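Chemist: Let's see this in three dimensions:
(one chain, ligands or ions: 2)
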Amino acid sequence: MMTREELTAVLGAPLGEAANDRELFAAAVEVRNRTVGDRVYLRGLIELSNRCRKNCLYCGIRRGHLGVERYELTDEQVLAAAERAWRSGYGSVVIQAGERTDGAFTERVERLVGRMKTLSNGELGITLSLGEQSRETYRRWFAAGVHRYLLRIETSSPELYARIHPADHDYDRRLECLRALREEGYQVGTGVMIGLPGQTVESLADDLLFFKALDIDMCGMGPYIEAPGTPLAAVEAPFSRAERLQLALRMIALLRLSMPDINIASTTALHALHPQGRELGVAAGANVMMPNLTPEAVRGDYKLYDNKPLQDMDLQGFNVALDNGWGDSRHFALRRLNVCVSAESQK
Ligand code: 5AD
Ligand code: SF4
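Modeler: Ligands and ions are numbered 1, 2, ... in the order given. Reported below is the predicted structural model:
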């Protein structure tokens with residue numbers, strides 16, 4: 001593992017043309033191809049609802065953003081999208097929504113998970129990205145058939161976390177949730193935003209060390225992009241958009257080098273900053289993409305940030321894996337194996 005100083009040096013090298021990082025990206029791709037292979041795994045993204053009880057200062061669908069038309073997909077819409085993912089051979093879907101913890105919502109999710117399992121003969125893998133929940137809720141969703149969960153830490157710095165969230169949002173609570181998810185048996189993914197106001201390359205280096213220390217299975221991270229009408233958009237960011245893109249690609253490559261066998265997403269935010277953003281992410285070491293399967297009529301309402309791409313993803317030119325496997329993180333499989341082996345050897 002590279003030290004904090006080494007990581008900081010790579011991240012802090014002068015930013016110019018993204019192509020200047022060619023050697024770094026080539027090394028990351030070589031490591032990826034050797035460990036998790038050279039194919040890109042697909043998750044169908046279903047944005048269930050943009051209602052959210054939280055008020056994160058950077059987010060376009062925060063509770064306090066009154067200009068947003070709020071929507072909720074019907075069961076039929078969710079199941080049709082899931083079926084489309086399964087029939088297209090994606091192998092798994094990600095259900096994402098703003099955070100809600102009321103019983104009507106958590107029970108609905110549980111029911112939908114069961115129905116997605118049934119319609120796909122148990123074949124469709126299901127990942128949730130529904131924020132901070134009680135351990136009991138995580139347990140119930142896992143029992144219903146979910147096996148992966150994405151919960152971004154947003155930044156590993158408690159100070160910066162406090163600056164980009166209202167006072168009642170709690171860094172430690174988020175950490176507790178990540179631990180609870182692991183303990184309940186999920187494959188756990190997290191991630192950060194890159195180029196936030198107040199963020200430094202040292203802090204980004206700490207993020208990479210944080211992922212390693214947490215021993216995550218998956219990571220989704222992308223550039224921070226101002227969301228018009230949010231409090232944080234009024235604060236000047238330390239890096240230009242082009243620089244954020246390049247920093248995000250460096251983060252992907254460095255993470256691949258430090259955690260060779262995890263799944264790393266090439267995120268939509270990369271695409272929002274560059275027409276070939278997703279391709280660049282894969283060329284920097286990512287191995288997962290999430291084509292949007294949300295019905296087009298409401299896609300524009302799930303607007304976390306400016307310029308979010310709404311069109312269907314063009315998969316031409318990607319070496320995609322369409323064999324209906326769940327595309328589990330190899331890291332997770334190996335950890336489970338190691339647990340079994342050490343349990344054996346303790347007998
Ligand atoms: N820019 C980039 N990413 C954002 N997210 C929310 N708002 C923004 C923004 N303005 C990301 C957060 C969140 C995920 C769902 O979207 O990291 O976890
Ligand atoms: Fe809600 Fe997530 Fe946006 Fe925060 S980032 S306001 S939790 S949707």
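
Chemist: least trustworthy helix or strand in the chain by mean pLDDT?
Modeler: Least confident helix or strand of the chain, by mean pLDDT, DSSP states H and E, is helix 330-345 with a mean of 64.

Chemist: Spell out which residues of the stretch 51-200 of the chain are next to ligand 2.
Modeler: 52, 54, 56, 59, 61-62, 98-99, 131 (CB under 6 Å from any ligand atom). For every residue, glycine as well, the C-beta is placed using N, CA and C.

Chemist: could I get those as CSV with distance to ligand 1?
Modeler: Below are these laid out as CSV (distance: CB to the nearest ligand atom, whole Å):
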residue, distance to ligand 1
52, 10
54, 10
56, 7
59, 4
61, 8
62, 8
98, 9
99, 10
131, 8
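
Chemist: Of the residues you listed, grab the buried ones for ChimeraX.
Modeler: This is how ChimeraX selects the buried members of those, with burial counted by 16 or more other CB atoms under 10 Å:
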select :52,54,56,59,61,62,98,131
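
Chemist: Which helix or strand contains residue 252?
Modeler: Residue 252 belongs to helix 241-258 when assigned by DSSP states H and E.

Chemist: Same check on residue 24?
Modeler: helix 22-35.

Chemist: Quick one: list the elements packing against that helix.
Modeler: helix 241-258 (3 or more CB pairs under 8 Å, 6 or more residues apart in numbering; DSSP states H and E).

Chemist: Swap in 10 Å and give it another go.
Modeler: Helix 22-35 is packed against helix 241-258, helix 277-283, with contacts defined by 3 or more CB pairs under 10 Å, 6 or more residues apart in numbering; DSSP states H and E.

Chemist: Those helices: which one's closest to ligand 1?
Modeler: helix 241-258 (9.3 Å; CB to the nearest ligand atom).

Chemist: before we move on, back to that, now tabulate the residues of the stretch 51-200 of the chain next to ligand 2 in JSON lines and tack on pLDDT.
Modeler: Output for these, formatted as JSON lines (pLDDT from 0 to 100):
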{"residue": "52", "pLDDT": "98"}
{"residue": "54", "pLDDT": "98"}
{"residue": "56", "pLDDT": "98"}
{"residue": "59", "pLDDT": "98"}
{"residue": "61", "pLDDT": "97"}
{"residue": "62", "pLDDT": "98"}
{"residue": "98", "pLDDT": "98"}
{"residue": "99", "pLDDT": "98"}
{"residue": "131", "pLDDT": "98"}
